[in-house]
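J.: Quick check, what structure comes out for this input:
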Amino acid sequence: MKKDSLTNIADEIKTDKGALRWPHHGYTFTYEMLFQHLRDKPISVLELGLAKTSQDYRGRSELRTKAVSPSVEMWQRYFPKSHVTGFDLSDFSSQESERFSFIKGDLGKASDYDVIISLNRKFEIIVDDGSHASFHQMLAFSKLFPLLNDGGFYIIEDLISQPKTIEEAKPTSHTMALLFREFLRLGYFPETSPIIQEEFNQFLGQINNVLLIPYHNLNGGNDQLCILHKKEGTRFHHYRTKIRFFRSLPALNEMQSLELQTSIDAENPYSYYWLSLLMLENKDLEKAWEYACVAAQNSPYDLEIAALQGKVLIAQGRNNNAVDFAISKMTNEVSLEVVGLQLAQDFITAQSFDSAILLLEKILKFKSDLSHGIFLLGKCYESKKSFEKSLSLYMKAIEILPSKLIYLKAYSRVSRFLNNKDAILFAEQFKDYYDNKSGYHVMMAMLYFHFKEFDFALQEAEFAKNDPVQIEWVEKFRNKVIKAKSLL
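T.: Purely as a prediction, here's the structure:
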């Protein structure tokens, strides 16, 4: 027999966690996605806040007289083998049964949580639907997250519904939504006042993911629902730090935050990684090496950290050490690209072409058809003005990977220098790969212009004009062609 969905149960019971009752939170759609695998298991659920009366008593000490808790009934019906524990200011003890236990308490009193802790019970699901006051949510999380079983879910509902009176009476550094936004941005909790930082940061190796879902799940809306997944030994916080400056570099004003992180989470390799890059950018090479080595010690298999160590060696002028280091790390195809090719590029940037050639030749002994390695070797010989050799290398790279436009552009550039008119026919055969790429048409226009094929040059420039980015270049190029033609 088909089982009722959690949303159907919620709507029948008339809880606002479902879809029908105002304000139509619709949390149950998300919950069913997460909890379906637990449905027939003997799980334990803890819910803070069990009902809402017609009068708003959120976070206050007055007793409510509501006798029915719709959320308890919802959980019991969806999880037929579950046990639910409820915590509320109002007295729901009359509902206690074999499958429901009740604890009366105030979310704002740390001592009241001791009763829950004294049960010596672990939970698969904890739901904070209490007062929604920031301090209460912070205190509850710090006290109850340890009671969550490994693999369990900690949920905070109604993140934008803080009662003004409690927020003013008990101010906090952040709302819970902003607090977890900061955790996602940084990989740790920088400020959790009035709860001490350690109460939150002790869970860094247990928070396996954080989902912040906007109001009514509308893109751009305020965060309304927070779901945390618990997993002992997770490196999620390390991952968040790793991507903190994704495709960018940290600014100097980030140094204090990163240094603070090293004192809070000394095993996180990526705070040291970013500090090393900061020091490298600011020419403090001794510190850059020190931080890079600590990062590598904390994560010995991260190839990007290894590449950073090599980069620092190059900056220190220790080219032979950098080559030897790169070779020691090149144990498979991935490491050839992440460490070997990256350091070869760093050598080229530093104009240490002989070291780059030495490393690239070692790389190509491991994998002779590595097109980008062949291309970089071509760049080295081009920079050393060995144009014939670079031309043959560029051609080889194109033969291996013809869809890489940068290779064809390099071939075209050297061909113009060598007055190799065969380059036109060679480049034309790749038209199908790049027909919609303005960069290809710009390259062909310049190639035709070099060999005084002005009409073809203008034709290619017109194709490039379809790209708005190239319009200004096309106009300048057209004028250049017209002037060149007039001089014939």
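
J.: what's Gln76 in contact with, if anything?
T.: By CB atoms under 8 Å, 6 or more residues apart in numbering, Gln76 lies in contact with Ser82, Val84, Arg99, Phe100. For glycine as for every other residue, the C-beta is placed from the backbone atoms N, C-alpha and C.

J.: is it true that the third one touches Pro80?
T.: No - Arg99 is beyond contact range of Pro80, at 9.1 Å (criterion: CB atoms under 8 Å).

J.: I'd like the average pLDDT over the lengthiest helix in the chain.
T.: Counting by DSSP state H, the longest helix found in the chain is helix 471-486. Helix 471-486 comes out with an average pLDDT of 92.

J.: and what of stretch 425-435?
T.: Mean per-residue pLDDT for stretch 425-435: 88.

J.: can you list contacts of it?
T.: Stretch 425-435 has contacts (CB under 8 Å, 6+ apart) with 395, 398, 402-403, 405, 408, 411-412, 415, 440-441, 443-444, 447.

J.: Please check these and keep the buried ones.
T.: If you count burial by 16 or more other CB atoms under 10 Å, the buried members of the contacts of stretch 425-435 come out as 395, 398, 402, 405, 408, 411-412, 415, 440-441, 443-444, 447.

J.: re the thing from before, columns pLDDT, distance to Ile424 and secondary structure on top of the contacts of stretch 425-435, output as TSV?
T.: As requested, the contacts of stretch 425-435 are arranged in TSV below (pLDDT from 0 to 100; distance: CB to CB, whole Å; DSSP: H, G, I helix; E, B strand; the rest coil):
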residue	pLDDT	distance to Ile424	secondary structure
Met395	96	14	helix
Ile398	96	15	helix
Pro402	92	16	coil
Ser403	89	20	coil
Leu405	95	16	helix
Leu408	96	12	helix
Tyr411	97	11	helix
Ser412	97	9	helix
Ser415	96	8	helix
Tyr440	94	13	helix
His441	94	14	helix
Met443	95	11	helix
Met444	95	8	helix
Leu447	95	6	helix
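
J.: nearest to Cys226, of those?
T.: Set against Cys226, the nearest of the contacts of stretch 425-435 by CB to CB is Ser403 (43.8 Å).

J.: Closest one of the contacts of Gln76 to Lys230?
T.: Ser82 (18.0 Å).

J.: I figured the closest one was touching Arg99, is that so?
T.: Yes - checked against CB under 8 Å, the pair Ser82 and Arg99 is within contact range at 6.8 Å.

J.: who's more crowded, these two?
T.: The neighbour count for Ser82 versus Arg99, taken as other CB atoms under 10 Å, is higher for Ser82 (21 against 14).

J.: Now do the contacts for that one.
T.: Contacts of Ser82 by CB under 8 Å, 6+ apart are Pro42, Ile43, Ser44, Val45, Trp75, Gln76, Arg99.

J.: how about Ile227, secondary structure?
T.: Secondary structure, DSSP: H, G, I helix; E, B strand; the rest coil: Ile227 is strand.
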